[in-house]
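> Kindly generate the corresponding structure for this input.
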Amino acid sequence: MSNKTIARDIPLAEITLRRYENPSKLKKRELIRKLCLSTGLLQPGDSRDVIVDVLHLMINSKNPISSEQIQSGVIGLRKKQKLPLKGIAHSNIRRQLKRLKDLFLIEKIKEGYRINENEKLINLFEEKIEKYYLQNILSRVKEYYKLVK
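Got it, this is the predicted structure:
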């Protein structure tokens with residue numbers, strides 16, 4: 001029997017994509033929720049959906065906003081929607097901001113957080129995720145397929 005330790009396989013990059021019904025008749029929060037589900041920012045059945053409110057605030061903000069402003073804005077949105085105040089701790093808000101940054105949707109600048117380069121989300125998806133991130137992952141997966149005989 002071998003005493004070798006098996007190293008954990010840590011991906012260099014990963015993305016989750018899911019397909020849902022046509023989004024044409026959804027209200028704004030539900031539309032953002034489905035976007036989060038579609039891109040793996042939210043898991044199906046997950047009741048902790050504060051990421052939806054964080055992204056909602058970022059989309060509606062014309063100017064950069066601090067994490068503290070985001071936290072108070074999230075609390076306000078959740079109260080207005082009569083949603084439980086789960087996941088509103090500052091540490092969790094910062095974690096959600098990091099997840100949005102990792103997916104190239106937002107950036108941190110001197111004044112606070114904003115949608116990346118004040119760009120439209122569809123442009124960010126096409127330029128940063130679809131053309132760069134996803135193609136890079138697909139290319140590597142293809143290398144594995146080619147080498148497995």
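
> Find the helix or strand that residue 113 is a member of.
Taking DSSP states H and E as the criterion, residue 113 maps to strand 112-115.

> Using CSV, write out every CA atom in the next helix-or-strand element following that strand.
Downstream of strand 112-115, the next assigned helix or strand under DSSP H and E is helix 121-124. Once non-C-alpha atoms are left out, helix 121-124 reads as follows in CSV (Å, rounded to 0.1, in the frame of the first residue of the first chain):
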residue,chain,number,x,y,z
LEU,A,121,-23.4,43.8,-18.8
ILE,A,122,-23.9,42.2,-22.2
ASN,A,123,-20.7,43.8,-23.5
LEU,A,124,-18.8,42.5,-20.5
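
> Tell me how far the helix or strand following helix 121-124 lies from the chain's centre.
For helix 121-124, the following helix or strand on the C-terminal side (DSSP H and E) is helix 135-147. In terms of CA atoms, centre = their mean, to the nearest Å, the centre of helix 135-147 is found 24 Å from the chain centre.

> swap in stretch 139-149?
Using CA atoms, centre = their mean, the mean C-alpha position of stretch 139-149 is found 28 Å from that of the whole chain.

> now for the strand holding residue 113, which elements pack on it?
Helices and strands touching strand 112-115, by 3 or more CB pairs under 8 Å, 6 or more residues apart in numbering; DSSP states H and E, are helix 50-60, helix 67-80, strand 106-109. C-beta: built from backbone N, CA, C; applies to glycine.

> helices or strands up against the second one?
Pointing back at helix 67-80 there. By 3+ CB pairs under 8 Å, 6+ apart, helix 67-80 packs against helix 50-60, helix 90-102, strand 112-115.
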